[in-house]
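Undergrad: What follows is a protein structure lacking sequence information:
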């Protein structure tokens, strides 16, 4: 007999989907015809894209996804149980095994690692209990976690709390764990302002992307409009869709998510597709270790994100937009949900945006802990209610994206740049920076610097200038990681390199998602590289052999080098790492596998980290 949901589980799903219409989709079976044929099955199947929200509803209400709860979701959406189970087990934030009411995730990734996360985990083991075991009252537990996107506030914790809102806190300690799990806790978001340039009026001058941060109330659409909000959308209507695309093209705006694809080219390609409808997606699933710029923009300037997405939808002829936000960002999720509701209420979203006859609305979709969903086609699958696995290209998203329709997609920083382009004009924007890298750029600076945080500079600034904005290195610099775990290391001799796309290509380094993570002489770089290798091993979706096997073999080779157990000579092991990297680059389906060896190779080639015999006893 099939497992049945509890009343709590049924209520959680029905609050999202509405009451079941027939007995075939979860209601009571009526006598007569309904016992012989189904009504409403096709309509239910067309809601398959609500599978991820339904799983979130169960997880949030009762703390895990039981067999009965999953069965009820399958009935409501007419999804085969095997497929729904495959989705539920794909994402790290979901659990199909019963666990305590509250689960606290303690980041032990790169920035948190050098800010005391290892010692924090040891303290939790001593005072709370071993990782994964319930506390004495049985209501809570904790686990180590990959990067939570709060690197400027390291170390960080994320609390998944059944029946209560999730919460993410920086500057974490053992006491933070207690404040998260107390039944009567009213947690206040702690931590300093993440953008130090906004602290002082003198350093605020000239800011473009961060100019509203710390000035505008992120909960008030009226305050946003007082400070120039929705003027860019009015300008877009004056220009028309072709005019907007022309301005973005003239600005030479390149994508800020890592791929650096020309934004105007992408928008034009979507707008020219004859197949309808068109979709536009804001990729807010920034999960690259060391990256937090999109989080800051969403938390501090949510209406700016909504306005820029609306402009993208208008320019590309899109009828519907999605913001796919990282599951570990509860505050950003809360503020964007509020901003979407306010924009809709004031006529800036809906069937007739600003009375201009343009229909566009936005839906927020929350991820559930899968780094791979930052890859655009994996993100499409996730929105559609499938496992977040990448698709082969071609066809490209501009031709066949989400739901098989033409789709534009940019990350948060890229979209917010469009507000500035329409404010000052494409040619004026292109005059900022260099010929190949125009406009302002955000960098996430963390690690052993005096003032970790988000910094805005004009494209073309040097690495030294960015570090000076962050107050310099606390000790003697040993290495700097650029671009995140999928990026690479540079040395203190490289401080005068320019942070531009063209210089990065020529110099063999990468800007990636704007990560600048600094390590001084106190940091064990071998431990850092091993953590990067473990991250990619864990985050590989497993769909293609080069990545699934290659990330494991890479980590195994590093373990042998570190512990002096080489298969053959040290040079043979290093050659094997290079061969594995080449295969992953050439044969992996998506960018995860293609860049999973980048940081390891740069540690070998630039830092000569594994040249010496007996790296670690």
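TA: Structure received. If you're wondering where the values come from, they're calculated on a predicted model, not measured in any experiment. Numbering: from 1, shown residues only.

Undergrad: Please name the nearest non-neighbouring residue to residue 15.
TA: Closest residue to residue 15 apart from its sequence neighbours, by CB to CB, 6 or more residues apart in numbering: residue 57 at 6.8 Å. Bear in mind the C-beta positions are built from the backbone N, C-alpha and C, glycine included.

Undergrad: now the helices: where do they sit in the stretch 51-200 of the chain?
TA: 51-62, 67-77, 81-88, 110-112, 118-127, 174-181 (DSSP state H, counting those that start in this stretch).

Undergrad: Columns distance to residue 560, mean neighbour count and mean pLDDT on top of the ones you listed, output as CSV?
TA: Shown next, in CSV, are these (distance: least, CB to CB, whole Å; neighbours: other CB atoms under 10 Å; pLDDT from 0 to 100):
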stretch, distance to residue 560, mean neighbour count, mean pLDDT
helix 51-62, 39, 22, 97
helix 67-77, 41, 22, 96
helix 81-88, 34, 16, 97
helix 110-112, 23, 30, 97
helix 118-127, 23, 15, 97
helix 174-181, 36, 18, 94
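
Undergrad: What are the boundaries of the strands in the chain?
TA: Applying DSSP state E to the chain gives strands spanning 102-107, 140-145, 157-161, 167-169, 279-284, 320-325, 361-366, 407-411, 440-447, 453-458, 477-482, 488-490, 515-520.

Undergrad: So what are the sheet partners of the third one and their directions?
TA: The one in question is strand 157-161. The pairing partners recorded for strand 157-161 under DSSP bridges are strand 102-107 (antiparallel), strand 167-169 (antiparallel).

Undergrad: now do the fifth one
TA: When sheet partners are counted by DSSP bridges, strand 279-284 sits next to strand 320-325 (parallel), strand 407-411 (parallel).

Undergrad: and that strand, how far out from the chain's middle?
TA: 12 Å (CA atoms, centre = their mean, to the nearest Å).

Undergrad: can you state the direction angle for it and strand 361-366?
TA: Compare the direction of strand 279-284 with that of strand 361-366 by axes from the mean of the first three to the mean of the last three CA atoms, to 10 degrees and you get 40 degrees.

Undergrad: Enumerate the positions of strand 279-284 that are buried.
TA: Buried residues in strand 279-284, counting neighbours by 16 or more other CB atoms under 10 Å, are found at 279-284.

Undergrad: hang on, the earlier thing: now mean pLDDT too, for the strands paired with strand 157-161, in JSON lines please.
TA: Converted to JSON lines, the strands paired with strand 157-161 look like this (pLDDT from 0 to 100):
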{"stretch": "strand 102-107", "mean pLDDT": "97"}
{"stretch": "strand 167-169", "mean pLDDT": "94"}
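
Undergrad: right, so of the ones you listed, which gets closest to residue 556?
TA: Closest approach to residue 556 among those (CB to CB): strand 102-107, 24.8 Å.

Undergrad: Pull the residues that contact that closest one.
TA: 63, 95, 117, 120-121, 124, 139-148, 150, 154-162, 172, 177, 180-181, 328 (CB atoms under 8 Å, 6 or more residues apart in numbering).

Undergrad: quick one: the residue nearest to residue 418 when sequence neighbours are not counted and residue 109, what's the gap?
TA: Closest residue in space to residue 418, ignoring its immediate chain neighbours: residue 308 at 5.0 Å, by CB to CB, 6+ apart. To residue 109, residue 308 is 29 Å away according to CB to CB, to the nearest Å.

Undergrad: Just to check, the residue nearest to residue 15 is in contact with residue 14?
TA: No - counting by CB atoms under 8 Å, residue 57 stays clear of residue 14, with 9.2 Å between them.

Undergrad: With residue 535 as the reference, measure out to the closest residue in space to residue 486 that isn't next to it in sequence.
TA: Among residues not flanking residue 486 along the chain, residue 595 sits closest, at 3.9 Å (CB to CB, 6+ apart). Separation of residue 595 from residue 535 (CB to CB) stands at 12 Å.

Undergrad: Equivalent analysis for residue 600, please.
TA: From residue 600 over to residue 535 (counting by CB to CB), the distance is 11 Å.

Undergrad: higher neighbour count, those two?
TA: Neighbour totals were compared for residue 600 and residue 535, and residue 600 leads with 27 against 24 (other CB atoms under 10 Å).

Undergrad: residues touching the more buried one, list them.
TA: For residue 600, the contact set (CB under 8 Å, 6+ apart) comprises 529, 532-533, 554, 558, 577, 581.

Undergrad: Now with 6 Å, please.
TA: Contact analysis of residue 600 by CB atoms under 6 Å, 6 or more residues apart in numbering lists residue 529.

Undergrad: where's residue 315 relative to residue 496, distance?
TA: To residue 496, residue 315 is 38 Å away according to CB to CB.

Undergrad: Then residue 326?
TA: 34 Å.

Undergrad: and what of residue 393?
TA: Remark: distance between residue 393 and residue 496 (CB to CB) = 37 Å.

Undergrad: who's more crowded, the two?
TA: Here residue 393 and residue 496 are compared on neighbour count by other CB under 10 Å; more neighbours surround residue 393, at 13 against 9.

Undergrad: Setting the sequence-adjacent residues aside, check what's closest to that one.
TA: Spatially, and ignoring its direct neighbours in sequence, residue 393 is nearest to residue 377 (7.0 Å; CB to CB, 6+ apart).

Undergrad: Over to residue 159?
TA: Distances taken as CB to CB, 6+ apart place residue 180 nearest to residue 159, at 3.8 Å, with adjacent residues excluded.

Undergrad: Same question for residue 321.
TA: residue 362 (4.4 Å).

Undergrad: Return the helix or strand in the chain with minimum mean pLDDT.
TA: Scoring the helices and strands of the chain by mean pLDDT, DSSP states H and E places helix 41-45 at the bottom, with a mean of 62.

Undergrad: Look up how far residue 55 lies from the residue nearest to residue 70 when sequence neighbours are not counted.
TA: Closest residue in space to residue 70, ignoring its immediate chain neighbours: residue 84 at 5.7 Å, by CB to CB, 6+ apart. Distance of residue 84 to residue 55, given as CB to CB: 8 Å.

Undergrad: what's around residue 173, how many residues?
TA: 15.

Undergrad: Check what pLDDT it gets.
TA: On the pLDDT scale, residue 173 is placed at 95.

Undergrad: same deal with residue 523?
TA: 96.

Undergrad: Ramachandran angles for it?
TA: Dihedral angles of residue 523 (phi, psi; degrees, to the nearest 10) stand at phi -90, psi 140.

Undergrad: Could you give the number of residues near it?
TA: That count, for residue 523 with other CB under 10 Å as the rule, works out to 19.

Undergrad: what separates it from residue 509, distance-wise?
TA: 19 Å.

Undergrad: next one: residue 73
TA: Distance, residue 73 to residue 509, by CB to CB: 46 Å.

Undergrad: ok, now residue 227?
TA: According to CB to CB, residue 227 and residue 509 sit 37 Å apart.

Undergrad: Same question for residue 9.
TA: 50 Å.

Undergrad: and what of residue 609?
TA: Distance, residue 609 to residue 509, using CB to CB: 16 Å.

Undergrad: Enumerate every residue touching the spatially closest residue to residue 120 that is not a sequence neighbour.
TA: Spatially, and ignoring its direct neighbours in sequence, residue 120 is nearest to residue 155 (5.5 Å; CB to CB, 6+ apart). Neighbouring residues of residue 155 by CB under 6 Å, 6+ apart: 112, 115-117, 120, 172.

Undergrad: ditto for residue 461
TA: Contacts of residue 461 (CB under 6 Å, 6+ apart): residue 499.
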